[in-house]
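>>> this is a predicted model, with the sequence first.
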Amino acid sequence: MSLFHSFRAARWLRTTNLLLQAVLFVTFFVGLNHLASRYAWRFDLTQLRRHSLSAETKSYLAQLGEPVRIIVTLPREDEGDPDQAAIYRDVRGLLREYTYAADSTAAAGRIRVDYIDVYQRPREAGQLNLTANTVLFLSGEHDARRREVPLADLYRRRDGRRVAFLGEQAFTAAILDVSGPGRKKIYFLAGHGEMDPNAVDPVRGLSELRDALRQRNYALDMLDLARARVIPEDAAVVLSAGAQTRYESYEQETLRDYMTARAGRMALFLQPALNPTGLEELLNDWGILADDVLVRDRGAGGRADNGDLILSALAPPPPLAPHPATQLLIENQLVLRFGATRAARPAPARATDPGLAVTPLVATAPTAWGERDHRRRPHQFNPAADLAGPLAVVTAAERVKASDLRFSVPVGRIVVFGSADFLANGRLRAGANAPILFSTLNWLVDRDTLLNIPARPVERFQLALSRDRLRHLRYMLLFAVPGAAALLGLLVYWTRRK
């Protein structure tokens, strides 16, 4: 018998064939993974494009200059709460797309995501000043620039249910904010007994507001117009909180020039007992009337146990969209809790100005009224003298002008609050006081409104089965599926016997 016809040769040939097949198999997959790592293609086949970033976000990431670290402190999806688990999956999936999009451009490695449990890692959480249920964005030398995105900013809600995911809007705005070379600067006016950002007093101190603004990557400074006589060029917002004496005429003219000639942004928090404020002409320029009244409410639903006013954001009638400063409050049905409050409403005389958009944001209940003789006790509603409710106590105004491109360009914004004490350390965290303040500042400085990123609808699938259908399904799983497998086995056995 020749060698090629022996059993030994056949065994060696079979072994060599198997080795060659294994080598070819491994080589094929190594080459395939090499090609996939260098020339990868991804296709998002979901109906709502859940796994794709907008073209605007991708263009921003491609030009990302500085590395951005993202820290997530949301509870993980295996911790029992289904709603929290869904939020965690949405955030984790979206941040994975940010990392992939950055790695696919020249910004490779500049997006880094960490997940930290503030309770299991308290030391690290303390060093970074982390709080639970937030997404923190850090950038710059020693993580100097930071911005927190709270859980409430990630979803649009209706009747308490999540209806749209706004994560891409919030995350892209935060990345642009912390990776930019400059910080938005807020100047607190001083010299008229305004509330102090460095004081810890619960009634007139703003230290909690100061810390919260710094956490949101705002730069802060004080400005005394009596000394400076000019508003600095880097002012993003000029803020007056609870002035106790009137502003002088030259100070008002400085503010009027800033608002008109430089498209300024202002937030005024007025005191009810101050009249005149010295800013009457400025407010008239912007179509706002700050009445010298003390808002009172005779209804139980409009007052808290400690006497605070319970206020609600105004939902505009369709087809108008909610104002960016109050959209969060309207969607989540949140209320405000103010102390001493005056009316701050649109001026009827300026209602016909086509270049001025004046919008009341927050109003009292219908049972409230504006007491003009508020120094007299007890307070009683006088229809002949007092203002009948409901009364607007927060009003925003925006001056726009038409451009040659068939759209309007904002050239100035102002928001007037009829109360200042809700900013203080003792009230800032009550109700929705803090959310409306930060939403207002974001609107004033154009932090989020410049992004044209659509919201992602939240998909919900529900399987509704009656008791009879559920019983039939149980029997199908218990008997039909195993029975089909057994029948198939019998057919195979019978066929082989034949």
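Received it, and whenever you're ready, just let me know what you need.

>>> for residue 24, see how far away residue 32 is.
Distance, residue 32 to residue 24, using Cβ to Cβ, to the nearest Å: 12 Å. No exception for glycine: its C-beta is placed from N, CA and C like everyone else's.

>>> for this protein, longest helix please?
The residue-count maximum for a helix in the chain (DSSP state H) belongs to helix 7-38.

>>> now the element after that helix, going C-ward?
Per DSSP states H and E, helix 7-38 leads on to helix 55-62 as the next helix or strand towards the C-terminus.

>>> how about that next one: buried residues?
Residues 57-58, 60-61 are the ones in helix 55-62 that count as buried (16 or more other Cβ atoms under 10 Å).

>>> please apply the same query to stretch 168-180.
168-179.

>>> keep only those of those residues that are in helices.
Among those, the members falling in helices are 168-179 (criterion: DSSP H).

>>> wait, which of those is closest to residue 433?
Among those, residue 170 lies closest to residue 433 (Cβ to Cβ), at 20.7 Å.

>>> now do the contacts for that closest one.
135, 149, 153-154, 448 (Cβ atoms under 8 Å, 6 or more residues apart in numbering).

>>> of the residues you listed, just say which sits nearest to residue 308.
Nearest to residue 308 among these, with distances taken as Cβ to Cβ, is residue 153, at 25.1 Å.

>>> apart from its neighbours in sequence, what residue is nearest that closest one?
In this structure, residue 153 finds its nearest non-sequential neighbour in residue 170, 5.0 Å apart by Cβ to Cβ, 6 or more residues apart in numbering.

>>> separation between the one you found and residue 156?
Separation of residue 170 from residue 156 (Cβ to Cβ): 11 Å.

>>> low-confidence stretches in the chain?
The chain contains residues with pLDDT under 70 at 1-7, 40-51, 77-80, 106-107, 181, 351, 401-410, 448-455, 459-464, 498.

>>> how about the contacts made by the spatially most central residue of it?
With distances taken as Cα atoms, centre = their mean, residue 153 lies nearest the centre of the chain, 3.0 Å away. Residue 153 is in contact with 166, 170, 328, counting by Cβ under 8 Å, 6+ apart.

>>> any idea which of those residues is closest to residue 114?
residue 170 (18.0 Å).

>>> how close does the closest one sit to residue 286?
The gap separating residue 170 from residue 286 is 29 Å, by Cβ to Cβ.

>>> and residue 388, by the same measure?
The separation that residue 388 has from residue 286, given Cβ to Cβ, amounts to 24 Å.

>>> ok, residue 232 next?
When residue 232 is compared with residue 286 (using Cβ to Cβ), they lie 21 Å apart.

>>> also residue 58?
Counting by Cβ to Cβ, the gap from residue 58 to residue 286 is 39 Å.

>>> over to residue 130?
39 Å.

>>> what does residue 183 give?
27 Å.

>>> quick one, which of these two is more surrounded?
residue 286 (27 against 20; other Cβ atoms under 10 Å).

>>> now that one: closest residue in space, sequence neighbours ignored.
Per Cβ to Cβ, 6+ apart, closest to residue 286 is residue 397, 4.1 Å.

>>> now residue 308: phi and psi?
When read as degrees, to the nearest 10, the backbone of residue 308 gives phi -60, psi 150.

>>> next one: it from residue 481, what distance?
63 Å.

>>> quick one, which of these two is more surrounded?
Each of residue 308 and residue 481 has its neighbours counted (other Cβ under 10 Å); residue 308 has more, 22 against 10.

>>> any idea what the residue nearest to that one when sequence neighbours are not counted is bridged to?
The shortest distance from residue 308 to any non-neighbouring residue, by Cβ to Cβ, 6+ apart, is to residue 337 (4.4 Å). Residue 337 has these beta-bridge partners by DSSP bridges: residue 310.

>>> many thanks, have a good one.
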